[in-house]
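Q: sequence first, then the predicted structure:
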Amino acid sequence: MTEPTQTVRKVLVEVVDARDLLPKDGQGSSSAYVIAEFDGQKKRTTTKYRDLNPVWKEAFEFTVSDPNNMEFEELEIEVFNDKKFCNGSGRKNHFLGRVKVYGSQFSKRGDEGIVYFPLEKKSVFSWIRGEIGLRICYYDELLEDDKQQPPPPPEKG
């Protein structure tokens, strides 16, 4: 009798670029980075120094805890200005906008393309502009069956 093959669903998020970000460093530019959060997992891009149209082309992989409910899961993408790279006061990084994408909007791997999402405000008083380019897809990865592997050799010592 063969065991059913086990699969793990993965979501691949590529943060491609952003366009027309608001300058937040007091010098007419921003040093932007992105935080992507999905299913309790958080990833961060590198900071692109003083660039209102930063290009990252960084991909992140997230594991989906419950593939049957993936369509209801929310991918949250937030863009910030990194305060380390400007002479602004305060400790908090400036919020440059966010996007929420639901699992029902994800493409199957092979069907995905770059989609530009307008950046949204966090509150009524936020001043936000620009858009972010994301490539999002999901795929099912086969897990290797542990039972077929020989046991490790005994350690000598």
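A: Alright, I've got the coordinates.

Q: any stretches of the protein with poor pLDDT?
A: Counting by pLDDT under 70, the chain contains low-confidence ranges at 1-4, 86-91, 145-157.

Q: residue boundaries of the strands in it?
A: 7-19, 32-38, 41-44, 55-63, 74-81, 94-102, 107-108, 115-118, 131-142 (DSSP state E).

Q: of those strands, flag the one that's most buried.
A: Comparing these by mean neighbour count (mean count of other C-beta atoms under 10 Å), strand 32-38 ranks first with a mean of 23. Bear in mind the C-beta positions are built from the backbone N, C-alpha and C, glycine included.

Q: returning to that earlier point: tabulate the strands of the chain (TSV), appending distance to Val124.
A: Listed next are those as TSV, based on distance: least, C-beta to C-beta, whole Å:
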stretch	distance to Val124
strand 7-19	22
strand 32-38	22
strand 41-44	26
strand 55-63	29
strand 74-81	17
strand 94-102	13
strand 107-108	33
strand 115-118	16
strand 131-142	20
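
Q: of the ones you listed, which is nearest Asp25?
A: strand 74-81 (6.3 Å; C-beta to C-beta).

Q: and the residue nearest to Tyr33 when sequence neighbours are not counted, how far from Glu76?
A: With sequence-adjacent residues excluded and distances taken as C-beta to C-beta, 6 or more residues apart in numbering, Tyr33 is closest to Thr47, at 4.4 Å. For Thr47, the distance to Glu76 (C-beta to C-beta, to the nearest Å) stands at 19 Å.

Q: same thing with Glu61?
A: For Glu61 relative to Glu76 (C-beta to C-beta), the value is 16 Å.

Q: try Phe62
A: In terms of C-beta to C-beta, Phe62 sits 12 Å off from Glu76.

Q: identify the contacts common to those two.
A: Listed as contacting both Phe62 and Glu76 by C-beta atoms under 8 Å, 6 or more residues apart in numbering are 36, 38.

Q: ok, now which ones touch the residue sitting nearest the centre point of the chain?
A: The centroid of the chain falls nearest to Ala36 when counting by C-alpha atoms, centre = their mean (3.3 Å). The contact partners of Ala36, by C-beta under 8 Å, 6+ apart, come to 13, 15, 42-45, 60, 62, 75-77.

Q: repeat that for 6 Å
A: By C-beta atoms under 6 Å, 6 or more residues apart in numbering, the residues touching Ala36 are 13, 43, 60, 77.
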